[in-house]
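K.L.:
Pasted the sequence and its predicted model underneath.
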2 protein chains.
Amino acid sequence: MKRDSQATRRRILDEATVEFARHGIAGARVDRIAASAGCNKAMIYAYFTSKDRLFDAVFDAAVVRNVTDVPIDAADLPEYAARLAEQYEKYPEVDRLATWDRLERGGAGARTTTITAATAHKVEAIAGVQRTGLVSDRLPAATLLELIYAIARTRFDSVAPGEGAPVPEHRRETVKEAVARLVRP
Amino acid sequence: MKRDSQATRRRILDEATVEFARHGIAGARVDRIAASAGCNKAMIYAYFTSKDRLFDAVFDAAVVRNVTDVPIDAADLPEYAARLAEQYEKYPEVDRLATWDRLERGGAGARTTTITAATAHKVEAIAGVQRTGLVSDRLPAATLLELIYAIARTRFDSVAPGEGAPVPEHRRETVKEAVARLVRP
């Protein structure tokens, strides 16, 4: 019974991830999620209370996976950024979820406990290498982290779509080069 | 009569900008735009054909204003980026429109003629300073331009909201410092 309910919860989260990534928070339909997950709407509300809380759970799980799969490597921030970029490439829904959250709720989702703790840990790691002098301290650690995210997220295809846009292997080198320049003492 | 119709067109565009920036393309309601602009839906369709074409017109006008207000200064890219950041701060709807376009249509709006031409001009200007050796050519001009956009757009408040987040005057200096590092020969 307990095992069944965990499997159902997991299935709801998976289907909700697809639905929210595609349509955003306002555009997502709980009955569509229920149909895909093979359960009914009442069950979704029983597990997650509301569409907004369901989005929080989806977003939280996506960020936790990113943090687990790509732990911060403060000793080699360009390589860390390149791995983040690969992760964004592999799971494009993470950036889409974060973007919907920002557009529709002003970024409220980024303040759940797990995400706040994971972010604080990364900022502290960067501040640590700044103290050793291996990374420039011209910009605060939190600012560097935010720039690393912004660069790792960039797709390098909006300016010149189709023509001269870097393919994935070039994307990796582009991100490394940009972040190396940013952190150089 | 002609003057009246231009004023109406202008009013529709202004109200549509507010509506699309707030709710996105799917979420925008043409009857809400009509009510705010003091006209009827039929008039909007007569001028702009469809909700999608109306979005194109809104997005195009927003980008044209950005290009006109902040012309590229290839000789001083850090200062250009700082002015772009100020423009994003002043007209937050431009980034929201671009983001909705990317989420909902995969960035199709960025391919309207005006925007393509304006972008090609900027890429050429950057390639020009790269040839003089004043700007590093380690990254292609189109990639540098995309990184400049990404950095200028960054709000520097998502990582540490409220605590230590740079206020606008710091944002300007942060953007300048980051772009200076990126373009240094």
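P.N.:
Right, received. Where do you want to start?
K.L.:
Quick one, grab the pLDDT at A:Phe156.
P.N.:
A:Phe156 carries a pLDDT value of 80.
K.L.:
how close does A:Leu54 sit to chain B?
P.N.:
Distance, A:Leu54 to chain B, using CB to the nearest CB, to the nearest Å: 19 Å. C-beta: built from backbone N, CA, C; applies to glycine.
K.L.:
Spatially central residue in chain A, please.
P.N.:
With distances taken as CA atoms, centre = their mean, the residue of chain A nearest its centroid is A:Val94 (4.2 Å).
K.L.:
Is A:Pro71 part of a helix or strand, or is it coil?
P.N.:
Secondary structure for A:Pro71, judged by DSSP: H, G, I helix; E, B strand; the rest coil, is coil.
K.L.:
And for it, the neighbour number?
P.N.:
A:Pro71: 13 surrounding residues under other CB atoms under 10 Å in any protein chain shown.
K.L.:
so who does the residue nearest to the centre of chain A touch?
P.N.:
Counting by CB atoms under 8 Å, 6 or more residues apart in numbering or on different chains, A:Val94 makes contact with A:Ala62, A:Val63, A:Arg65, A:Asn66, A:Gln87, A:Tyr88.
K.L.:
give me the element the fourth one is part of.
P.N.:
Right, A:Asn66. Assigned by DSSP states H and E, A:Asn66 belongs to helix A:51-69.
K.L.:
who's in contact with the following helix or strand past that helix?
P.N.:
Remark: after helix A:51-69, the chain's next helix or strand is helix A:77-90, criterion DSSP H and E. Helix A:77-90 has contacts (CB under 8 Å, 6+ apart) with A:66, A:69-70, A:72-74, A:94-95, A:126, A:129, A:135, A:144, A:148-149, A:151-153, A:168, A:171-173, A:175-180, A:183.
K.L.:
One more: stretch A:38-58?
P.N.:
For stretch A:38-58, contacts defined as CB under 8 Å, 6+ apart pick out A:8-9, A:11-13, A:16-17, A:20, A:25, A:28, A:30-31, A:33-34, A:37, A:97, A:101, A:109, A:112.
K.L.:
Now the terminal residues of that stretch, how far apart.
P.N.:
Using CA to CA, to the nearest Å, the end-to-end distance of stretch A:38-58 comes out at 18 Å.
K.L.:
For the host helix or strand of A:Val129, give the mean pLDDT please.
P.N.:
A:Val129 is located in helix A:113-132, with elements delineated by DSSP H and E. The predicted model gives helix A:113-132 an average pLDDT of 91.
K.L.:
Could you tell me which residues within stretch A:9-16 count as buried?
P.N.:
For stretch A:9-16, burial by neighbour count (16 or more other CB atoms under 10 Å in any protein chain shown) applies to A:Arg9, A:Ile12, A:Leu13, A:Glu15, A:Ala16.
K.L.:
Likewise for stretch A:103-123?
P.N.:
Of the residues in stretch A:103-123, A:Leu103, A:Glu104, A:Gly107, A:Gly109, A:Ala110, A:Ile115, A:Ala118, A:Thr119, A:Lys122, A:Val123 count as buried by neighbour count, 16+ other CB under 10 Å.
K.L.:
ok, A:Arg138 touching B:Thr174?
P.N.:
No: counting by CB atoms under 8 Å, A:Arg138 does not reach B:Thr174; the two are 9.5 Å apart.
K.L.:
Between the two, which is the more surrounded one?
P.N.:
Between A:Arg138 and B:Thr174, counted using other CB under 10 Å, B:Thr174 has the larger neighbour count: 23 against 18.
K.L.:
Just give me the closest of the buried residues of stretch A:9-16 to chain B.
P.N.:
Of all those, chain B sits closest to A:Ala16, with 16.9 Å by CB to the nearest CB.
K.L.:
does chain B sit close to the helix or strand encompassing that closest one?
P.N.:
Element membership of A:Ala16, judged by DSSP H and E, is helix A:2-27. Yes: Helix A:2-27 comes into contact with chain B (CB under 8 Å from any CB of the partner chain), by way of A:His23, A:Gly24, A:Ala26, A:Gly27.
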